[in-house]
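Participant: kindly generate the corresponding structure for this input.
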Amino acid sequence: MDPRWIVIVLANGLLAFLGGQLNHHLAVFPVSVSLLGLALPVAGLRLRFRPGMIAMCLSGLVLDSTRPVPFGSSALILAALYTCWHSVRSRLPRDGVAPAVIGALLANLVLFLAQPLLLGATLAGGAVWSRVLVDLVLSQFAVVLVGPWFFALQEQALLLRGVNLAEEARAPGGAL
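Facilitator: Just a heads-up that it's a prediction; the model follows:
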């Protein structure tokens, strides 16, 4: 059995836990931070389609279990983003942290803007959208800060499990 999707789901579960802890400590202020976009880049850039899709669907269900959105909505959005990302990844640089952070920022933007719509916020509510804008700016800043650490954590967890994605990519007819 391919352990890649298990490692990614466990790392994304850790991300959900740490994001919840961060939001718990930020509860004193009227802000919250979303780190959902970080769940996508390593799977989108480095995994084959099937293990990556399994990881995104299960990660979305894990993330939905702690949020007040319809269950499965994050799984559908992550699966759609993963499919789009996987279809264009041959044109994207895969090495280094910068492509993963930029991808995480874009994914976080889509996921973050989909959340108020899933919760039924109307476009007329100016107070709602000003709060969303402040939270979005803070979330994007947090993604840039936490992203390199989280991507290194995923890579090291895969290495502990015996999966060296960088070596596989360099091999003739590589994994990607």
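
Participant: so what's the most centrally placed residue in the chain up against?
Facilitator: Nearest to the mean C-alpha position of the chain, by Cα atoms, centre = their mean, lies Ala39 at 2.1 Å. Residues counted as contacts of Ala39 (Cβ atoms under 8 Å, 6 or more residues apart in numbering) are Asn12, Leu15, Met56, Ser59, Gly60, Leu63, Leu78, Ala107. Yep, even glycine has a C-beta here, placed from its N, CA and C like the rest.

Participant: in helices, which of the residues you listed appear?
Facilitator: Among these, the ones falling in helices (DSSP state H) are Asn12, Leu15, Met56, Ser59, Gly60, Leu63, Leu78, Ala107.

Participant: least confident pick among the residues you listed?
Facilitator: In terms of pLDDT, the lowest of those is Leu63, showing 85.

Participant: that residue: neighbour count?
Facilitator: Leu63: 25 surrounding residues under other Cβ atoms under 10 Å.

Participant: for the residue nearest to it when sequence neighbours are not counted, give its distance to Pro3.
Facilitator: Nearest residue to Leu63, sequence neighbours excluded (Cβ to Cβ, 6 or more residues apart in numbering): Ser74, at 4.8 Å. According to Cβ to Cβ, to the nearest Å, Ser74 stands 23 Å off from Pro3.

Participant: neighbour-wise, which of the two wins?
Facilitator: Ser74 (26 against 14).

Participant: wait, that one touches Leu36, no?
Facilitator: Yes. Contact criterion Cβ atoms under 8 Å: Ser74 and Leu36 qualify, at 6.9 Å.

Participant: who touches both of these two?
Facilitator: Counting by Cβ under 8 Å, 6+ apart, the contacts common to Ser74 and Leu36 are Leu63, Leu111.

Participant: quick one, grab the pLDDT at the residue nearest to Leu63.
Facilitator: Value for Ser74, per-residue pLDDT: 85.

Participant: where's it, which helix or strand?
Facilitator: Using DSSP states H and E, Ser74 sits within helix 73-88.

Participant: okay, buried residues for stretch 70-80 please.
Facilitator: Judged by neighbour count (16 or more other Cβ atoms under 10 Å), stretch 70-80 contains these buried residues: Ser73, Ser74, Ala75, Ile77, Leu78, Ala79.

Participant: lowest-confidence helix or strand of this protein?
Facilitator: The helix or strand of the chain with the lowest confidence, counting by mean pLDDT, DSSP states H and E, is helix 165-170 at a mean of 66.

Participant: which ones are touching the closest residue to Gly52 other than its chain neighbours?
Facilitator: Once flanking residues are discounted, Gly52 sits nearest to Ala43: 4.1 Å by Cβ to Cβ, 6+ apart. Shown in contact with Ala43 (Cβ under 8 Å, 6+ apart): Ile8, Pro51, Gly52, Ala55, Met56, Tyr82.
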